[in-house]
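Colleague: Below: sequence and its predicted model.
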Amino acid sequence: MRAAAAIETFLEMMSAERGAAQNTLDSYRRDLEDAAGFSLATGVQLTFAEPGTIRSYLDEIAGRGYAATSQARRLSALRQFFRFLYMENIRTDDPTSTLDTPKKDRSLPKILSEPDVEKLLARAEVETLDEELSDAGHLQALRLHALLEILYATGLRVSELVGLPVTVARSDGRFLMVRGKGSKDRVVPLSGKARDAMARYLAVRDTRPDLSASVWLFPAISESGFLARQVFARELKGLAARAGLKASVISPHVLRHAFASHLLQNGADLRAVQQLLGHSDISTTQIYTHVMEERLHQLVTEHHPLAD
């Protein structure tokens, strides 16, 4: 089977059987097509590649300057692809089975301090009260404030946040039902401030005929029909600058990290945080254990009778 046809079949399986999101499918396609191009340049279709070809490909992308994390992601895509070919009897072996995953340093997530988050949220709220704003500007300010309050209250992935259906805002306001990776649903609690910000935004949104009919909470003129992640990220950086914070280190993902870290700093259980973040594996959540270690060290220092 030619590589192009095998890749299409693999992606169809990932979509139909595993419920892979479109972003995931696009990433697999890019990685596999890049590997297929390298393999074809050596005279071999990717579907027939040997371990040496895959190893040479990993060396080649390392030479292009790809970080170990990117190399590991490419190898992971290839592993799943060749495992699929083996299960479908297209191949009798898996050429990636003997390859080692490139070692990568696990960096600590960037987070904001609680005072910095409070400053950001306060600035967003103040801007919704600016009487000099146009109607469009007022709606945008309300939307940004609602986005931030929901994000910090729930720790949603940015794709989950911008793609919320409007029905979640019209149901029980104390919780949100979120569809995450792999089409898995989870329930996350919503703070009072987030509920208020969402209600204020929704009250104005519903007066706009061009928006009120949308099925999305944050509708926009885009291919998806809802606010683009990039637009939200750009508005967030602008807000951060106006709040006197360093815009270059602030993003929606940093606020998700802040949500998790601040919960742990204040005594939350790691398993509970795992569930709230929608991590399928606890090892993913354990990146925040440095926060727990700091809290436990402080606890012992302050309360142990023999501590200095």
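Modeller: Received the coordinates, thanks. Residues are numbered from 1 along each chain as shown.
Colleague: Tell me where the stretch 51-200 of the chain has strands.
Modeller: For the stretch 51-200 of the chain, the strands defined by DSSP state E, counting those that start in this stretch occupy 175-179, 185-189.
Colleague: Single out the most deeply packed of these.
Modeller: Burial of these is given as mean neighbour count (mean count of other CB atoms under 10 Å); strand 175-179 ranks first at a mean of 18. Bear in mind the C-beta positions are built from the backbone N, C-alpha and C, glycine included.
Colleague: Could you pull out the helices in the stretch 51-200 of the chain for me?
Modeller: For the stretch 51-200 of the chain, helices defined by DSSP state H, counting those that start in this stretch occupy the ranges 51-63, 68-87, 114-127, 135-154, 158-162, 167-170, 192-205.
Colleague: Of those, which is nearest Ser222?
Modeller: helix 158-162 (9.6 Å; CB to CB).
Colleague: Tell me which residues are up against the closest one.
Modeller: Residues from elsewhere that reach helix 158-162 (CB atoms under 8 Å, 6 or more residues apart in numbering): 21, 23, 147, 150-151, 154, 178-180, 218, 226-229, 232-233, 252-253, 256, 278.
Colleague: Centroid-nearest residue for the chain?
Modeller: Geometric centre of the chain, nearest residue: Arg157, 4.1 Å, by CA atoms, centre = their mean.
Colleague: in terms of contact, does that one touch Gly278 like I think?
Modeller: Yes: the pair Arg157 and Gly278 passes the contact test of CB atoms under 8 Å, sitting 7.1 Å apart.
Colleague: shared neighbours of those two, anything?
Modeller: Gly180, Lys181.
Colleague: re earlier: now do the contacts for the residue nearest to the centre of the chain.
Modeller: Arg157 makes contacts with Gly180, Lys181, Arg256, Gly278, as judged by CB under 8 Å, 6+ apart.
Colleague: Tell me which two in the residues you listed are the farthest apart.
Modeller: Maximum distance among the contacts of Arg157 (CB to CB): 13.5 Å, for Lys181 and Arg256.
Colleague: who has more neighbours, the two?
Modeller: When Lys181 and Arg256 are compared for neighbours, Arg256 comes out ahead with 22 against 16, by other CB atoms under 10 Å.
Colleague: Phi and psi next, for the more buried one.
Modeller: Torsion angles at Arg256 (phi, psi; degrees, to the nearest 10) stand at phi -60, psi -40.
Colleague: Could you report the pLDDT at it?
Modeller: Among the per-residue scores, Arg256 holds a pLDDT of 87.
Colleague: List the contacts of it.
Modeller: For Arg256, the contact set (CB under 8 Å, 6+ apart) comprises Leu151, Gly155, Leu156, Arg157, Val158, Leu277.
Colleague: now with 6 Å?
Modeller: Shown in contact with Arg256 (CB atoms under 6 Å, 6 or more residues apart in numbering): Gly155.
Colleague: now swap in Ala243 and tell me
Modeller: By CB under 6 Å, 6+ apart, the residues touching Ala243 are Lys119, Leu120, Arg123.
Colleague: Could you export the helices of the stretch 51-200 of the chain as a markdown table, including mean pLDDT and distance to Ala272?
Modeller: Compiled in a markdown table, the helices of the stretch 51-200 of the chain are given as follows (pLDDT from 0 to 100; distance: least, CB to CB, whole Å):
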| stretch | mean pLDDT | distance to Ala272 |
| --- | --- | --- |
| helix 51-63 | 91 | 38 |
| helix 68-87 | 90 | 27 |
| helix 114-127 | 95 | 19 |
| helix 135-154 | 96 | 13 |
| helix 158-162 | 92 | 18 |
| helix 167-170 | 85 | 21 |
| helix 192-205 | 94 | 18 |
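Colleague: Just put those helices in a markdown table and tack on distance to Ala6.
Modeller: What follows is the helices of the stretch 51-200 of the chain, written out as a markdown table (distance: least, CB to CB, whole Å):
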| stretch | distance to Ala6 |
| --- | --- |
| helix 51-63 | 15 |
| helix 68-87 | 6 |
| helix 114-127 | 47 |
| helix 135-154 | 39 |
| helix 158-162 | 28 |
| helix 167-170 | 39 |
| helix 192-205 | 45 |
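Colleague: tell me the angle the host helix or strand of Asp34 makes with helix 68-87.
Modeller: Taking DSSP states H and E as the definition, one finds Asp34 inside helix 22-41. Here helix 22-41 points in a direction 80 degrees away from that of helix 68-87 (axes from the mean of the first three to the mean of the last three CA atoms, to 10 degrees).
Colleague: What helices and strands are in contact with helix 22-41?
Modeller: In terms of contacts (3 or more CB pairs under 6 Å, 6 or more residues apart in numbering; DSSP states H and E), helix 22-41 is packed against helix 3-18, helix 51-63, helix 68-87.
Colleague: So what are the structural domains in this structure, by residue number?
Modeller: Per the record, the chain has its domains at 3-87, 114-299, by automatic domain parsing.
Colleague: Show me the one of the ones you listed that comes nearest Pro95.
Modeller: Comparing the domains of the chain by CB to CB, domain 3-87 comes nearest, at 4.5 Å.
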